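**Q** Need a 3D model of the following:
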Amino acid sequence: MKRLINLKPARPARVALALLPFLVIAFVYMSASSARLAENPNDRLLPSPAKMTDTITGLATEANVRTGSIPLWADTKASLRRLAIGVGISAFAALIFGLFSGGLPLFRAPFSPLITVVSLIPPLAILPILFIVFGTGELSKVVLIVIGITPFLIRDLTGEALRLPEEQRIKAQTLGANSWQVLLRVLLPQLTPRLLSATRLALGSAWLFLIAAEAIAAQDGLGYRIFLVRRYLSMDVILPYVAWITLLAFIIDQALVWISRLAFPWYHVDEDKS
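**A** Residues are numbered from 1 along each chain as shown. Sure thing, here's the model as predicted:
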């Protein structure tokens, strides 16, 4: 008798099981939407799929009279630019700090407690401070993302470096490697794929900080558009924008997976076995 814990679905079943929750959510939404629209055709809380399709098509094809730009693509470009700059700076800083903190005890001793304390500060709590110090332009939004996810990435990479077998460093030094060579040839190659994995986990928080900053002070961006139309209860705009943000996040996540598997196939050996 096979135990439940040992049962693994075949690929077709795995695909079907993955789609099942989404189909259930779609069915529940369409049922609730139909019921509300039957009672009130002007209901704005649960718009029909056709209404959302028409609205998002207009936002994706028709230029704004005031700005001359197409809202969906202008908002997407603005948000992705801020996200890319913020996450890029965070990843680079985390790799440098994580490498030195994980490899040099004299570096880790003063900076590790500081990073731990900074990581406990709620980034959204200091958002007003960032607006005061850096203004309401692009810089404050990028800084919020950097402050929000960099400490997490640093702590993750430092922990990964400390978990690596000590024998690797001892053997490298036995073969004549100095401190820089140990950092660059032993630690760095093993921390880089971990950085991609940690960045994937941090992307959700990065999107959260971006949307929050755009909602408070911005003239474009996906978060700006959502909070702009909320006062009109325009769920036919909000829901497609949320779905679009989710799709963008999924594409970025899968792109990082693809890069990691292509550049560091050895890092995913255990995953491929499962």
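**Q** Quick check: residue 2 vs residue 8, distance?
**A** 10 Å (Cβ to Cβ, to the nearest Å). Every C-beta, even on glycine, is put in place using the N, C-alpha and C of the backbone.
**Q** Equivalent analysis for residue 155, please.
**A** According to Cβ to Cβ, residue 155 stands 34 Å off from residue 8.
**Q** quick one: residue 48 and residue 235, what's the gap?
**A** 11 Å.
**Q** What count of nearby residues applies to residue 195?
**A** 22 (other Cβ atoms under 10 Å).
**Q** Hmm, residue 87 is touching residue 199, no?
**A** Yes. Using Cβ atoms under 8 Å, residue 87 is in contact with residue 199, at 6.6 Å.
**Q** what comes up buried for the longest helix anywhere in the chain?
**A** Looking across the chain with DSSP state H, the single longest helix is helix 71-103. Applying a neighbour-count criterion of 16 or more other Cβ atoms under 10 Å, the buried positions in helix 71-103 are 71-72, 74-76, 78-79, 82-83, 85-87, 89-91, 94-95, 97-103.
**Q** same question, stretch 107-120
**A** 108, 111, 112, 115, 119.
**Q** State the mean pLDDT of that stretch.
**A** When pLDDT is averaged over stretch 107-120, the result is 92.
**Q** Check stretch 2-19 too.
**A** If you average the pLDDT over stretch 2-19, you get 83.
**Q** Now do it: distance to the chain's middle.
**A** 28 Å (Cα atoms, centre = their mean, to the nearest Å).
**Q** likewise stretch 69-78?
**A** For stretch 69-78, the distance to the chain centre is 19 Å (Cα atoms, centre = their mean).
**Q** Need the residues that contact it.
**A** Stretch 69-78 is contacted from outside by 56, 59-64, 67, 218, 220-222, 224-225, 241, 244, 248, using Cβ atoms under 8 Å, 6 or more residues apart in numbering.
**Q** Check stretch 28-48 too.
**A** 49, 55, 233, 234, 235, 236, 239.
**Q** how about 6 Å then?
**A** 233, 235, 236 (Cβ atoms under 6 Å, 6 or more residues apart in numbering).
**Q** Okay, and which of these map to helices?
**A** 235, 236.
**Q** Got a quick PyMOL command for the buried subset of the contacts of stretch 28-48?
**A** Per 16+ other Cβ under 10 Å, the buried members of the contacts of stretch 28-48 correspond to this PyMOL selection:
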select buried, resi 235+236
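**Q** quick one: low-confidence parts of this protein?
**A** By pLDDT under 70, the low-scoring segments of the chain are 1, 271-274.
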